[in-house]
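> Fold the following for me, if possible:
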Amino acid sequence: MKKFIQRLLWKQDPALYRSKDAKLTPSLRTIDLVGLGTGMVVGTAIFTLPGIVAAEHTGPAVPLAFIVAAIGAGLSALAYAETSSVLPFAGSAFSWINVLFGEFFGWIAGWALLAEYFISVAFVASGWSAYMQGFLASFDIKLPVALTGGFNPQRGSYVDLLAAIAILAVGILISRGVHQVSRIENIIVSVKLLVILMFIVVGMTAIH
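Next up, the predicted model:
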């Protein structure tokens, strides 16, 4: 039992990760990293939650929730910055927790990150699909109900075709390399920021 616990709490040698990272070539500039972070923040949630959820369900609770989430995200960013400066190698929280707390906690962190990615990808793809369906509807183009949502026989939907296409397209794009993705990411982030600024300007005209 003692050996089992020692194995769970065994901490990885940082030199192992440094040697693995030695073959990696830095390909992202500062502007690319800023664009990547901004793109993660200015995503589907910032358009969907304040509009649909605030208008139909919760009201003022949404901006308050954003403030609480911003505080948590800020503390997380500080923790990431501190850890990455002490342990400067790839792998994010999985590798860092392996080194700092042991394999068991690193294993939990790895699965938690995978769950986070799966959930966020599904949420963003579903939100993008809803936007595209609304956009196509403005041209009187409507997809069959069976292809407009997740598996729900009662509703008559079986697969969200647009969400699946979005995920496949992003997967193919990422497979071509991070540097190529960063260029497209910067363009998309610029467009999203312009949309938000336009929304604020137009929205100010509707305030009474």
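> pLDDT score for the residue nearest to Val121 when sequence neighbours are not counted?
Distances taken as C-beta to C-beta, 6 or more residues apart in numbering place Ile167 nearest to Val121, at 6.4 Å, with adjacent residues excluded. For the C-beta atoms, the positions are set from N, CA and C on the backbone; glycine is no exception. On pLDDT, Ile167 comes in at 88.
> Might you report the residue contacts of Gly35?
Shown in contact with Gly35 (C-beta atoms under 8 Å, 6 or more residues apart in numbering): Ser182, Glu185, Asn186, Val189.
> Got phi/psi on the residue nearest to Val121?
Main-chain dihedrals, Ile167, degrees, to the nearest 10: phi -60, psi -40.
> how many neighbours does it have?
Using other C-beta atoms under 10 Å, Ile167 is surrounded by 16 other residues.
> Sketch out the helices for the protein, chain order is fine.
With DSSP state H, the ranges of helices along the chain come out as 2-8, 14-21, 30-41, 44-48, 61-86, 92-100, 103-137, 161-175, 178-204.
> To Leu147, which of those helices lies closest?
helix 161-175 (4.1 Å; C-beta to C-beta).
> Identify the residues contacting Ser27.
With C-beta under 8 Å, 6+ apart, Ser27 has these contacts: Gly177, Val178, His179, Ser182.
> Selecting buried members of the residues you listed in PyMOL, what would you type?
A single PyMOL command selects the buried members of the contacts of Ser27 (16 or more other C-beta atoms under 10 Å):
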select buried, resi 182
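> ranking the helices of the chain by burial, who's on top?
Mean neighbour count (mean count of other C-beta atoms under 10 Å) peaks for helix 92-100 among these, with a mean of 20.
> Please enumerate residues in contact with it?
11-14, 17, 80, 83-84, 87, 89, 91, 105-106, 109-110, 113.
> would you put the C-alpha positions of it in CSV?
Extracted C-alpha coordinates of helix 92-100, given in CSV (Å, rounded to 0.1, in the frame of the first residue of the first chain):
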residue,chain,number,x,y,z
SER,A,92,0.5,23.1,-19.7
ALA,A,93,-1.2,22.1,-16.4
PHE,A,94,-0.7,18.3,-17.1
SER,A,95,3.1,18.5,-17.1
TRP,A,96,3.3,21.1,-14.4
ILE,A,97,1.1,19.2,-11.9
ASN,A,98,3.0,16.0,-12.7
VAL,A,99,6.2,17.8,-11.6
LEU,A,100,4.7,19.7,-8.6
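> what domains does the record give for this structure?
Following automatic domain parsing, one gets these domains for the chain: 59-88, 95-178.
> And these: which comes nearest Met40?
domain 95-178 (8.7 Å).
> Okay, now the closest one: how far is its last residue from its first?
For domain 95-178, the first-to-last residue distance is 20 Å (C-alpha to C-alpha, to the nearest Å).
> is it true that Val62 touches Val68?
No - using C-beta atoms under 8 Å, Val62 makes no contact with Val68, being 10.9 Å away.
> burial measure for Ala206, as a count.
Neighbours of Ala206 using other C-beta under 10 Å come to 6.
> Excluding chain neighbours, give the residue nearest to Lys142 in space.
Lys142 sits nearest to Leu136 (C-beta to C-beta, 6+ apart), 7.0 Å away.
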